[in-house]
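**Student:** Here's my sequence, what's the structure:
(one chain, ligands or ions: 1)
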Amino acid sequence: MKIMLIDEPLLKSVLTLATLIEARDPYTGGHTWRVSQYSVKLAQSMNLSHDEVFLVALGGMIHDLGKIAIPDAILNKPERLTDDEFMKMRQHPIVGVSSMSDHPLADLVRPMIEEHHEKHDGSGYPYGKHGEETNLYARIVSIADAFDAMTSSRPYRKGMPTEKALSILTEGAGTQFDPQLTPLFVDLGKKGVLDHILGHSAEGRLLVGCPACGPILALPKDKGDGDVVCCPNCTGKYRIHRKGDHYEAEFTGVLDPSMTARPDLEEVQDFLKESPRALWIPG
Ligand SMILES: [Fe+2]
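**Tutor:** This is a model prediction of the structure:
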């Protein structure tokens, strides 16, 4: 075990980088937060220490950092990627690591950035690592990442129901996913432990469907029935109406061209509140 002091401004800089991924690609609508939260639930069910759970939470937030360098045309392409495009996409774990290489906290999160697309049977990327050659935390994030990719909606397709995503994870246990960890995650899903994360972009922040772009409007905590929010993608202003347990967005007819996707500083502050001042970590 080694102890590592966590400097708050440094941690804040990692989190700000993580929120930039969302600012760069508003279609992800809270993907980084959800992957982080799903990863935390899995890590807790494995009885990892409080500090290791924190590392996994941080890695879940920053795992896709390298996507900042992937062109929009590839990142948002609804159709199957060509071989060339897929080759570029496959570089995002390496790009993520090199983007952070000089950061003093890089070692804490590197394996999750670098190895979250490795597969149990060695068919993943960037290295084709097998089984437990892949870092444990990266194997956790990989399951959380796949679950969120399947259950979250995109403008061109609706997310699949939880049960279907869980059964796909089960089918992939031992080929794509870690055969020991996957049943733990599936069990959490079946018990409803993941439900409060699904469809949210941060704690208590519901995702609402932009009628033009899909479910990417993250409602700030202080917004509610009758308030106006702006879509970071189409820049349309929408009035939100409560309909039972969810909200619907109605176009006000106004665009706000000054609106751009931006880092979510509220999310950074929420994360910092929970962070330890020092970590005891294996190694
Ligand atoms: Fe990724």
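
**Student:** quick one: contacts of the helix or strand that contains Val229?
**Tutor:** Using DSSP states H and E, Val229 sits in strand 228-230. Identification of contacts with strand 228-230 by C-beta atoms under 8 Å, 6 or more residues apart in numbering yields 208, 217, 219-220, 223, 236-240, 249, 252, 256, 259. Bear in mind the C-beta positions are built from the backbone N, C-alpha and C, glycine included.

**Student:** Give me the three-state assignment for Phe54.
**Tutor:** What DSSP: H, G, I helix; E, B strand; the rest coil gives for Phe54 is helix.

**Student:** circling back: filter the contacts of strand 228-230 to the buried ones?
**Tutor:** Among the contacts of strand 228-230, those classed as buried by 16 or more other C-beta atoms under 10 Å are 208, 217, 219, 223, 236-238, 240, 249.

**Student:** List just the nearest of the residues you listed to Val97.
**Tutor:** Leu217 (32.0 Å; C-beta to C-beta).

**Student:** The stretch 151-283 of the chain: strands as residue ranges?
**Tutor:** All strands of the stretch 151-283 of the chain, identified by DSSP state E, counting those that start in this stretch, fall at 200-202, 205-210, 214-218, 228-230, 236-243, 246-255, 278-281.

**Student:** So which of those has the densest surroundings on average?
**Tutor:** strand 214-218 (a mean of 24; mean count of other C-beta atoms under 10 Å).

**Student:** What average pLDDT does it get?
**Tutor:** If you average the pLDDT over strand 214-218, you get 66.

**Student:** circling back: give me the mean pLDDT for the strand holding Val229.
**Tutor:** Strand 228-230 comes out at a mean pLDDT of 83.

**Student:** which neighbours does it have in its sheet, and in what orientation?
**Tutor:** Strand 228-230 pairs in its sheet with strand 236-243 (antiparallel), by DSSP bridges.

**Student:** by how many degrees do the strand it pairs with and strand 246-255 diverge?
**Tutor:** 160 degrees (axes from the mean of the first three to the mean of the last three C-alpha atoms, to 10 degrees).

**Student:** how big is the angle separating strand 236-243 from strand 205-210?
**Tutor:** 110 degrees.

**Student:** Average pLDDT for strand 236-243, rounded please.
**Tutor:** pLDDT averaged over strand 236-243 gives 86.

**Student:** roughly how far out does it sit from the chain middle?
**Tutor:** With C-alpha atoms, centre = their mean, to the nearest Å as the basis, strand 236-243 stands 25 Å off its chain's centre.

**Student:** What of stretch 165-183?
**Tutor:** The answer for stretch 165-183 is 19 Å, by C-alpha atoms, centre = their mean.

**Student:** Of the buried ones among the contacts of strand 228-230, just say which sits nearest to Asp51.
**Tutor:** Leu219 (32.0 Å).

**Student:** How about the closest one: what's its closest non-neighbour residue?
**Tutor:** Leu206 (5.0 Å; C-beta to C-beta, 6 or more residues apart in numbering).

**Student:** pLDDT at the one you found, what is it?
**Tutor:** Note on Leu206: pLDDT of 73.

**Student:** what do you get for Met46?
**Tutor:** Taking Met46 on its own, its pLDDT is 97.

**Student:** for Lys158, same thing?
**Tutor:** 78.

**Student:** starting at the chain centroid, how far to the strand or helix carrying Pro111?
**Tutor:** Element membership of Pro111, judged by DSSP H and E, is helix 106-115. Distance of helix 106-115 from its chain centroid, counting by C-alpha atoms, centre = their mean, is 15 Å.

**Student:** How about that helix, which residues are buried there?
**Tutor:** Buried residues in helix 106-115 (16+ other C-beta under 10 Å): 106, 108-115.

**Student:** need these in TSV with distance to Tyr38 and pLDDT, can you?
**Tutor:** Formatted as TSV, the buried residues of helix 106-115 follow (distance: C-beta to C-beta, whole Å; pLDDT from 0 to 100):
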residue	distance to Tyr38	pLDDT
Ala106	23	93
Leu108	19	91
Val109	17	94
Arg110	20	96
Pro111	18	96
Met112	13	98
Ile113	17	97
Glu114	19	98
Glu115	17	98
